[in-house]
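Student: coordinates for the following, if possible.
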Amino acid sequence: MSSGITVLEQPASIPTSFNSNGPITISISRSNYGSLSSPARSYGKYESRSSSRSSSYRKNGSPGERTSFLPFPPHYPPLPAVDKDEESAEPRQVTFSVLGMVCAACGASIEKTVKRLPGIVDATVAVLRNRAQVVFHPEVVQEETIREAIEDAGFEATIIQDFSVTENTAICRMRIKGMTCTTCSNSIEGILKKMEGVKKAVVALATEEGEVHYNPNLLSYEDVLAAVDDAGFEVELLSAGEERNKVQLHLEGVHSQNAIKCITETLKALPGVQTVDMNPAGEKVVVYYDPDLTGPRDCIEAIEETGSQYQGSLCTQPGQDGRDRQEEITRYRNSFLWSCVFTIPVFLLSMVFMYIPKVKNGLETNVVNALNVGQLLRWLLSTPVQFVIGWRFYAGAYNSLRHKAANMDVLIALGTNSAYFYSVYSVLRAASTPGYMGTDFFETSAMLISFILLGKYLEVMAKGKTSEAIAKLMKLTPEEAILLKEKNGLVEERLIKSQLIQRKDVIKVLPGSKVPTDGLVTWGQSHVNESMITGEARPIFKKEGDKVIGGTMNENGVLHVFATHVGSETALAQIVRLVEAAQMAKAPVQKFADRISQYFVPLVVLCALATGVSWFVAGKTHSYPRSWIPSAMDEFQLALQFGISVLVIACPCALGLATPTAVMVATGKGAQQGVLIKGGNALESAQKVRCVVFDKTGTLTTGKPLVVATKLFENMALKTFYRIVASAEANSEHPLAKAVHLYAKTFGEDWISGKQHETKDFETIAGQGVRCMVEEKEVYIGNRSLMINSGIEITEDVQDQLDETELAARTGVLVAFDKRIVGLISISDPVKPEAARVVSLLKSMGVRTIMVTGDNWGTARAIAQEVGIDTVKAECSPGRKAEEIKMLQLEHKSGVAMVGDGINDSPALVAADVGMAIGAGTDIAIEAADIVLMKSNLEDVVTAIHLSRRTFFRIRLNYIWALGYNVLGIPVAAGVLFPSTGFRLPPWVAGAAMAASSVSVVCSSLWLKRYKKPKQLRSHWVQ
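Tutor: Here you go, the predicted model:
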C-alpha cells in the first residue's frame, strides 16, 4: 500500500441503514428538470445500457422506481388473523403523501408499521416521491387509522384523494403584488393550499412570485388567480401548464367580430397549429402549436398578411423586462413625494413655526372657541395623507384580517388611526369647548405614513438589485438575429427579433456578435467564447457540425447556424429557469421567520395595549412624578404616544426578508460564477458539509481516457488484435470502449466494417465488461473480476503487468480469446490540474475528502495519492456508492456532499445531503443534483461551499439584527428608558426606525454581491 493512503476494505455485506429487515432502495427521479439515462457499460464504474433496462431506473412511480441492491427480500412480522368473510371482500387502495422521509430506512420503517395493522394486503413506499401506497380491506381497517399509524411512526401523512380521472399536474406561476411581510405570503399559501386540487403552493416574498402545482381536472389557473385576487392582492399570470409550445400575441387593428373570426381561421390553417384562443376583445390571441412545423414568426406573418391594418407582436411576460419592478418603484416614489407635499407643512406647523413668535401668534389665533388656525391647518393637511395616500394600508389590513391573519399593515393602520382619530377628537372638543387646552398628533400620523412610504421605496429599490443576476443572464441573448431564407434560388438575409427564431431556421452570425440560439454550425468556422455559459476561459474552435450555445460570443469568423433549440428550450433559458426556481424555493431556516410571523403582530398589539394602559394607570395613580409629563400633554396623551410608538416600531418585514433576499443574491451570484444552486435548501445543506466524496473518472480526472500502451501475451499482429477488440467495443458507448475504438482507427478504417467483423451474442456484464463472439472467437473484454467469474486463468505474468499498470495510475483492460488472456490494454485518464489544490483547500476548510470509484484498487490508490486524498473506496457499483454515502452520513452528522458526473453517480448524488454534478451548461436541466458546476472545474466545489457559508453567515446577521431590533426597540418605544434618562421615542421617529430596519436587512443581503472566491483560488488565477 502506498504511504499516506488509508484503504477501507469492502465488507462482505452491507445492511440497509443497519436494519436487515428491508431492501435498499435508490430512486434517481430527484430533479424536476428531466430524467437521467444510464451509461453504456462498466469497467468497475459505469453500468451498461442493457443492464440499466433490468435495473429498473424508471420514472413516474413505476414499479421499477425502487431498485434493490441486496439479494434478500424484506421480512416482516406475520399479519394478525382476519375473519375470512371480511378477507374475501374486495380490497381498496389509498395513496398517502408522506413527509419527513430521508432514506430507504424510513420507507422500510413505514412499510413495517403499516403491515402490522390488521386488514393490510400490501404497502409500498416510494421515498423520493414522498408517497406511500396501501392496499387494505376497508371492513377491517380505515384510511384514517393507517394515516395515524404513519404519523405515530414519526412522519407527516396526508391522504391523496383517488380521483376518478387520471390525475395530472399543472403548474401555474404568477406575480403577486401588495405583499408586505411573511404574514402576507403565508396567508396566500394557506388560502391556496385549502383549494381542492392544489397539491403544492409556494409564495416567495422577495421575488413577489407564486407557484402552484394543481390537478387541472379539478381546478384551472383562473381559479388560482381568482383566489389570490379575492385575498386582496394584485395578481398577474406568468405561465400556466406547458409553455414551450404556446405563444401569446398582442393584436392591433382588430375591432370587429369578422376580423376576429378571419384571424382565428387564418391561424388555424397554419400547419402545426393545434388550438387558437382569441380574446373576446380581439386584443390578444394564444396559439398552441407544434414547434417542429411552425412558430411565433409564422403566426405573426400570417396575421399581417391577412390585412395591412392588422399587426401582431409577442406579449411580454409580466416582470420579464423589469417594467413591473420599475413601475412599483415609481409608484412608491410618487406616493412618498405626494405625502411630502402635505407632511412637510404639517411638520413645519408642529415643530418649526411654533418657535417663530410672529408666526406662532398667527397660528394660535382661535377660529371657533379653542380651535385655532394651526390645529385646523394640520387637520386639513394630514387628512389626505391618512385616507388617500395611506389607503393602501387600510386595504392591506382589511384583507389580512378577513383571512384571519395580521400583517404589518395592521400595525400601521392601528398606529396612524390612533394618532389621527385622537387628534380629531381633540380638535372637535376644542371647537366645542371654550378654553379647552388639548394636544393633537396630526404630525405623528402624517409623518409615520411618509416615513413608511420612504422605507418601502428604498426597500423595493434594494430588492430589485437582488434579482439583477437573472436580468444579466437574460441580456446575454442578442435582441436581433439575421435569418437566411432561400427564395427563387437565392438566399436573402432578413433581420428579425431573436424571440421569433423557430426550429430549423438558419441564422447568420457575424464576427463580434452573439449567437442568438442553440444550434449546429452548417457553414463556416470561427472561435466562439463560451465563458459566459460554460465558464471555459479559452475560445472554442467551431466548424461545420459543431454545436453552439445561445448567448455566446462569435469572435473572428462568419457562421451559419441551424437552430435546434429555441425559446425556453435553450441552455440559457434553462439556466434562467433554474435560478428562478432556486429563488422561489424556501430555505428550511425560513420556517423560523414564518413561525414567528404567525404570532408577531398579535403579540405586538397586546404589548402596545399593555404599554398604554400601564402608563395611563400609573399616571392616574400618581406612580410617577407629574414632572415626567410634558407640559402640553396629560397622562392619557403620554400613554397614547408610548402605545403608538410600540405599534409602529415593531417590524415583521425585517424578519421575513432576512432569508429570501440573501438566498436570491447568493443564487444569482453563484450563477454568474458558474455554480447553479437549486434553492435555499441546497444552500443550507452545503454550508453544513464536512465531508466531500469524489468520484474518480470525469471528476478528479479529465474523463477523456486514452490508450497509452498495449501488451500482448500471445504471438499475433497488433492490428489483428485491435481489429477483433474494436469490433466488440463498437457495440458499447462506455468511455473506455470509445477510447479503445478511437485508438483502433489509427491502424486504418478499411477493416472496421465488413462481414468478417460481425459480432454475435453481445452481452454486457455490469461492473465487469463485455462478452461476445467475433470471427468465431469467444471474446472477453473487461477487468479482473470478469476474468475470474468467467473461469479464465490470470497467469503470474499477466498479474504482474496488471499490477504495474495500476500502480502507474492507469486502468488495465484485459482481453481474452477463447478463455485465454491474450492482451492487456493500458488506458490513462489524466488527473485534472486543479484536483490536488482543491483537495488541499478543502482540508484547510475542515472538510474531509474521500474517493469512491468503480475502478480497481491499484489505480484508485495511485490517483488518490497523487491528489492528496487519504481515504479510498474502490470497485464500487453505482448502488454500492449510494450505500457508502449512507454510511458516511451516519458518521458525519453535519453533512456529506457527493461530487460526480451526474450520470453514473446518480444514486450517490441522490443519497448525499448535497449532490454536486460536474457538467457543461447544456446538460444542467437533466442533472440529479442540488448544485450544478457548469465549468466542470473542481474549484467550484470550494466556491459552492464557501459561498453557502458566507450566505448563511449573512442570514444569521440578518436575523440577529431583525430580532435584536425588535427585542431592543419595542422596550425603548414602550418607555423603559424614560424614568431613568427622560428619553422618549416619538411615534414618528419609531416609524422611521421601522422603515429603516427593513431597508438595512435588504442592504445587508446585497453585501453578498461583493462576494469573491477564496483568496487561494483568486491568487492561483493571478499567477
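Student: where does the residue sitting furthest away from the middle of the chain land on pLDDT?
Tutor: Within the chain, the residue lying farthest from the chain centre (CA atoms, centre = their mean) is P434, at 67.3 Å. Note on P434: pLDDT of 84.
Student: go ahead and confirm it touches N369.
Tutor: Yes. In this structure, P434 is within contact of N369 by CB atoms under 8 Å, at 4.7 Å. Using the backbone N, CA and C atoms, a C-beta is placed for each residue, glycine as well.
Student: the stretch 101-250 of the chain: strands as residue ranges?
Tutor: Counting by DSSP state E, counting those that start in this stretch, residue ranges of the strands within the stretch 101-250 of the chain are 120-126, 131-136, 156-160, 170-177, 198-204, 209-214, 234-240, 246-252.
Student: could I get those as TSV with mean neighbour count?
Tutor: Supplementary listing: the strands of the stretch 101-250 of the chain in TSV, determined by neighbours: other CB atoms under 10 Å:
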stretch	mean neighbour count
strand 120-126	20
strand 131-136	20
strand 156-160	15
strand 170-177	20
strand 198-204	20
strand 209-214	22
strand 234-240	17
strand 246-252	18
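Student: for G670, which of the ones you listed is the nearest?
Tutor: Of all these, the one in closest proximity to G670, counting by CB to CB, is strand 198-204 (17.4 Å).
Student: about what we covered before: can you tell me the element the residue farthest from the centre of the chain falls in?
Tutor: P434 is part of no helix or strand, with elements assigned from DSSP states H and E.
Student: select, out of the strands of the stretch 101-250 of the chain, the one closest to E144.
Tutor: Each of the strands of the stretch 101-250 of the chain has some distance to E144 by CB to CB; the shortest is strand 156-160, at 8.0 Å.
Student: that closest one pairs with which strands, and in what direction?
Tutor: For strand 156-160, the pairing partners within the sheet under DSSP bridges are strand 92-99 (antiparallel).
Student: please export the C-alpha coordinates of the strand it pairs with as CSV.
Tutor: In CSV, the C-alpha atoms belonging to strand 92-99 read as follows (Å, rounded to 0.1, in the frame of the first residue of the first chain):
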residue,chain,number,x,y,z
ARG,A,92,-59.2,-0.9,-1.7
GLN,A,93,-56.1,1.2,-2.5
VAL,A,94,-55.2,4.5,-0.9
THR,A,95,-52.2,6.8,-1.5
PHE,A,96,-50.6,8.9,1.2
SER,A,97,-48.3,11.9,0.8
VAL,A,98,-45.6,11.3,3.5
LEU,A,99,-43.2,14.0,4.6
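Student: may I see the buried residues of it?
Tutor: Using 16 or more other CB atoms under 10 Å as the test for burial, strand 92-99 gives V94, T95, F96, V98.
Student: what about N399, neighbour count?
Tutor: Applying the criterion other CB atoms under 10 Å, we find 19 residues in the vicinity of N399.
Student: which residues touch it?
Tutor: Residues near N399 by CB atoms under 8 Å, 6 or more residues apart in numbering: A231, G232, F233.
Student: filter the residues you listed down to the buried ones.
Tutor: Neighbour counting by 16+ other CB under 10 Å classes A231, G232, F233 among those as buried.
Student: does the last one touch M174 like I think?
Tutor: Spelled out, that is F233. No. The pair formed by F233 and M174 falls short of the contact definition of CB under 8 Å, at 9.9 Å.
Student: which other residues reach stretch 625-636?
Tutor: Taking contacts as CB under 8 Å, 6+ apart, the residues outside stretch 625-636 that touch it are T439, W615, F616, G619, K620, L638, Q641, F978, P979, G982.
Student: by neighbours, which of those residues wins?
Tutor: The most neighbours of any of the contacts of stretch 625-636, using other CB under 10 Å, belong to Q641, which has 27 neighbours.
Student: quick revisit: who's in contact with the residue farthest from the centre of the chain?
Tutor: Contacts here follow CB under 8 Å, 6+ apart; on that basis P434 touches N369, A370.
Student: cool, and T702?
Tutor: By CB under 8 Å, 6+ apart, the contact list for T702 reads D829, P830, V831, K832.
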